[in-house]
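S.K.: structure of the sequence below:
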Amino acid sequence: MYLQLEKEIHDACVSAKPFSVSKLTPQAEFDEFVKLHSLASRLFEMQKSNKVPYLYGNSTKDSYNLEPNALENFEVWLQKKGCKFPKLTLKPSEGKGLGVFAKDNIQTEELIASVPKICIMTANDADDRLKRLFSTDPLLSTVPSLSLALTLISELLKGVESKWCEYIKILPRKFSIPLVFEPEDVVDLKGSIIFGDVIRDLKSNLRHYIYLSRVLQKNKFKSIPAKNFSYDLFRWSVCVVMTRQNPLPIISPNVAENADDSELNPVRRPTSELALIPLYDMFNHTPTHGEVSTFYNPESSVSETYAPADFAAASEILVTYGKRGNSDLFLYSGFVDVDWLQYDRFTFRLSIPDVIVKEGKELSPIEKLNIKRKELLQNVGVLSNGHFELYHPPLTRSQPLLIFCRVVVMQAEELDELLSSSIESAIENLQNNVLDPAIMKKALEWLAVRCELMIRTIKVDSIETGRNYETQQVLKLRMVEKKLLQVVLDEIKNIK
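M.R.: Next up, the predicted model:
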């Protein structure tokens, strides 16, 4: 029975075409999500006797389900390990899970937290057998987040013997990212390009689980017994890593270049690895605080966080998660900010039809034009069939899309002129607004029509009351898409 389910998952996750060329209708995408979710549910049901007690408790609504004194014990653990955060305390944050709060007034650029390497978890903290697997396995050596997820599982299974036991106890049991959504949560996502990303992540998660379960069964690791490696546990660990991972610079000895005694003279070169950084990963996000305010000092092996703004005593300390759009925040952090569009983008699926040349059949005028359009796009390094990003204005941020729009409205004479010029000249003309003004106007009109069409397909104008948190984030994302398209439309009208 399990082998049959394993085969069904494999077939469902590897047979479909990439979404860059997908022509699935919104309903077909939804049906595919339902199918994948059903396979995952069957896997859960089949493995329900293998549940790790930590992931479950008395409450089914509390994402954290903390044990009594868990936060206090975590703070004590941090201090014993050498963490310094004298003006900070940890407590629940309304609507955000847990958060970091000021105990006293804090000034901008004040050092508020330092976390030494001994507290930070990376894949290099796994046992020797797992580390060898991470470096030699074709999947794990290319997807470092999976190695970190397996390291977290191995520590969880140690229970109180793990040096990260108090940290693991305050990690959320449940998540609100699309990877764990139910079908009813994503109904309103139909028609959004992000739905393809949601399905891609779910496929990857299922496929990776099947692959890694086979690897663990074959190698019989004591730190992760195959019998304990359930899909529920694996998905939980992936969610932890997906929502909390940070790149950590490291210094490693390498052979020096351009040195006579290079084999004997190692030099220190910075590289990086993914890490879970206790305390730092509890700061919640705000887009208004500008630049990232946490840095890792490889010389002192300490992660240091500086206040990105002034904070009054008792207020929550918020930091920026970087220049990330709402689609990324939705997929990998589980929330959407409808009032902040600066880093957002809307993805169009656009294509110029392929032309099939048959002997004895004359090509139509539009087919001849499409051949030239595809050739010109290929020459300048722009896709003629795929995804194109429309970024928040100014429109110059969306160059590949603008080039596509300009080429798709060109007629034979303009196409021939650019095809006969050098590639450098063609790129210069297409990028820098030196084309015939009539072409520029037509290209903007072509783009405006597509923006208007997409706006009409998004039937969301407000967040309905009574919907669960997951559905509310979906509705917010659709509102963000709609607002971004309208902002672009307004700019096009100003240009024209």
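
S.K.: tell me where the stretch 301-450 of the chain has helices.
M.R.: Residue ranges of the helices in the stretch 301-450 of the chain, as given by DSSP state H, counting those that start in this stretch, are 326-332, 365-379, 399-408, 412-420, 423-431, 437-457.

S.K.: could I get those helices as CSV with distance to residue 125 and mean pLDDT?
M.R.: For the C-beta atoms, the positions are set from N, CA and C on the backbone; glycine is no exception. Below are the helices of the stretch 301-450 of the chain laid out as CSV (distance: least, C-beta to C-beta, whole Å; pLDDT from 0 to 100):
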stretch, distance to residue 125, mean pLDDT
helix 326-332, 23, 95
helix 365-379, 47, 95
helix 399-408, 41, 96
helix 412-420, 56, 94
helix 423-431, 47, 91
helix 437-457, 46, 94
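
S.K.: and of those, who's closest to residue 73?
M.R.: helix 326-332 (28.6 Å; C-beta to C-beta).

S.K.: follow-up on the earlier one: any chance of the helices of the stretch 301-450 of the chain in a markdown table, plus mean neighbour count and distance to residue 24?
M.R.: What follows is these, written out as a markdown table (neighbours: other C-beta atoms under 10 Å; distance: least, C-beta to C-beta, whole Å):
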| stretch | mean neighbour count | distance to residue 24 |
| --- | --- | --- |
| helix 326-332 | 22 | 19 |
| helix 365-379 | 16 | 23 |
| helix 399-408 | 22 | 22 |
| helix 412-420 | 14 | 32 |
| helix 423-431 | 16 | 31 |
| helix 437-457 | 15 | 15 |
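
S.K.: could the ones you listed go into JSON lines alongside distance to residue 189?
M.R.: Listed next are the helices of the stretch 301-450 of the chain as JSON lines, based on distance: least, C-beta to C-beta, whole Å:
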{"stretch": "helix 326-332", "distance to residue 189": "10"}
{"stretch": "helix 365-379", "distance to residue 189": "30"}
{"stretch": "helix 399-408", "distance to residue 189": "23"}
{"stretch": "helix 412-420", "distance to residue 189": "38"}
{"stretch": "helix 423-431", "distance to residue 189": "34"}
{"stretch": "helix 437-457", "distance to residue 189": "12"}
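
S.K.: can you tell which of those helices is closest to residue 479?
M.R.: Per C-beta to C-beta, nearest to residue 479 of the helices of the stretch 301-450 of the chain: helix 326-332, 9.5 Å.

S.K.: what does the closest one contact?
M.R.: The set of residues external to helix 326-332 that reach it, using C-beta atoms under 8 Å, 6 or more residues apart in numbering, is 177-178, 194, 197-198, 201, 242-243, 285, 321, 335-338, 340-341, 344-345, 473, 476-477, 480.

S.K.: of those residues, select the buried ones using a PyMOL command.
M.R.: A single PyMOL command selects the buried members of these (16 or more other C-beta atoms under 10 Å):
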select buried, resi 177+178+194+197+198+201+242+243+285+321+335+336+337+340+341+344+345+473+476+477+480
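
S.K.: restricted to strands, list the contacts of helix 326-332.
M.R.: Applying DSSP state E to these, the entries found in strands are 285, 345.

S.K.: nearest to residue 214, out of the helices of the stretch 301-450 of the chain?
M.R.: Checking the helices of the stretch 301-450 of the chain against residue 214 by C-beta to C-beta gives helix 326-332 as the closest, at 26.8 Å.

S.K.: what is the neighbour count of residue 68?
M.R.: Residue 68 has 7 neighbours, counted by other C-beta atoms under 10 Å.

S.K.: from residue 103, how far off is it?
M.R.: From residue 68 over to residue 103 the distance is 22 Å, taken as C-beta to C-beta, to the nearest Å.

S.K.: just residue 147 next, same as before
M.R.: To residue 103, residue 147 is 37 Å away according to C-beta to C-beta.

S.K.: for residue 7, same thing?
M.R.: For residue 7 relative to residue 103 (C-beta to C-beta), the value is 56 Å.

S.K.: so which helix or strand of this structure has the lowest pLDDT on average?
M.R.: The weakest-scoring helix or strand in the chain, judged by mean pLDDT, DSSP states H and E, is strand 246-255 (a mean of 66).

S.K.: surely residue 474 touches residue 185?
M.R.: Yes: look at residue 474 against residue 185 with C-beta atoms under 8 Å: they come within range, at 6.5 Å.

S.K.: the two - which one has more neighbours?
M.R.: When neighbours are counted by other C-beta under 10 Å, residue 474 and residue 185 differ, and residue 474 comes out ahead with 27 against 21.

S.K.: quick one: contacts for that one?
M.R.: 185, 186, 188, 189.

S.K.: noted, bye for now.
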